[in-house]
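> Next one to model:
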Amino acid sequence: MAHGQDAFANRLARLGETHAQRQDIQSLNAKTAQGSKPEWVSNLGYPASIVGACIVGLLTVVASRYIMFHINGTPNPNDDPDMTMIIDGALAFGLAFMLRTALHMKLKEHLAAKTVGIWIALTCMHNLVHAYPAVWSKAFSPAWVASVTEMTEPSSFFIRGMSFKINGQSSTEDSGAQKSEIKINRH
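Residues are numbered from 1 along each chain as shown. Next up, the predicted model:
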């Protein structure tokens with residue numbers, strides 16, 4: 001029986017040595033992989049996810065308006081602007097909520113960044129339509145672009161059916177006045 005116990009003890013010792021060698025190799029590989037990129041690169045993940053969440057918020061508004069365009073057609077200037085903004089925002093939040101698990105953006109900071117992105121897009125997306133009408137005509141339709149550019153002013157915030165100019169200049173460039181202009185879009 002002593003011979004069987006000695007053989008078993010020798011085998012355990014060999015397995016222990018093999019296990020120790022594998023552990024050393026794995027820890028060396030882990031240290032090599034960890035040291036291959038600088039620490040500042042590793043630290044960029046969290047801030048990049050916050051910026052990404054804001055961009056997701058922006059894109060959900062574009063997607064919600066695209067969906068609403070295919071459901072309702074071109075925006076009606078006589079519609080209640082508050083209700084239109086609420087519907088756009090609710091649909092955008094719904095899309096952002098569906099994307100939160102797929103994109104691993106479940107933190108409160110991500111929700112806040114998506115909310116900021118949604119708010120920016122709700123109030124400022126029309127500026128991109130004014131700046132790039134040909135691109136938006138391909139994505140939506142020329143009638144949609146015409147309706148949006150008619151309802152809003154370029155370089156402005158569009159809140160509750162009113163355009164607030166960002167640059168402080170009135171729409172008549174030849175007057176030279178430096179005062180804020182508010183355009184109410186209730187036709």
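
> pLDDT below threshold where in this protein?
Along the chain, the model assigns pLDDT under 70 to residues 1, 33-37, 77-78, 168-187.

> Mind jotting down where the strands sit in it?
Counting by DSSP state E, the chain has these strands, from start to end: 156-159, 162-165, 182-184.

> Report the buried residues of the second one.
Which is strand 162-165. 162, 163, 165 (16 or more other C-beta atoms under 10 Å). For glycine as for every other residue, the C-beta is placed from the backbone atoms N, C-alpha and C.

> Give the single residue among those residues positioned nearest to residue 59.
residue 163 (23.1 Å; C-beta to C-beta).

> Okay, and the beta partners of that closest one?
Beta-bridge partners recorded for residue 163 (DSSP bridges): residue 158, residue 183.

> Show the contacting residues for the residue nearest the centre of the chain.
Note on the chain: the residue nearest the mean C-alpha position is residue 56, at 1.7 Å, using C-alpha atoms, centre = their mean. By C-beta atoms under 8 Å, 6 or more residues apart in numbering, residue 56 lies in contact with 96, 99, 103, 105, 114, 117.

> Out of those residues, name the ones that lie in helices.
96, 99, 114, 117 (DSSP state H).

> before we move on, the earlier item: would you mind putting the strands of the chain into CSV with distance to residue 20 alongside?
What follows is those, written out as CSV (distance: least, C-beta to C-beta, whole Å):
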stretch, distance to residue 20
strand 156-159, 66
strand 162-165, 70
strand 182-184, 76
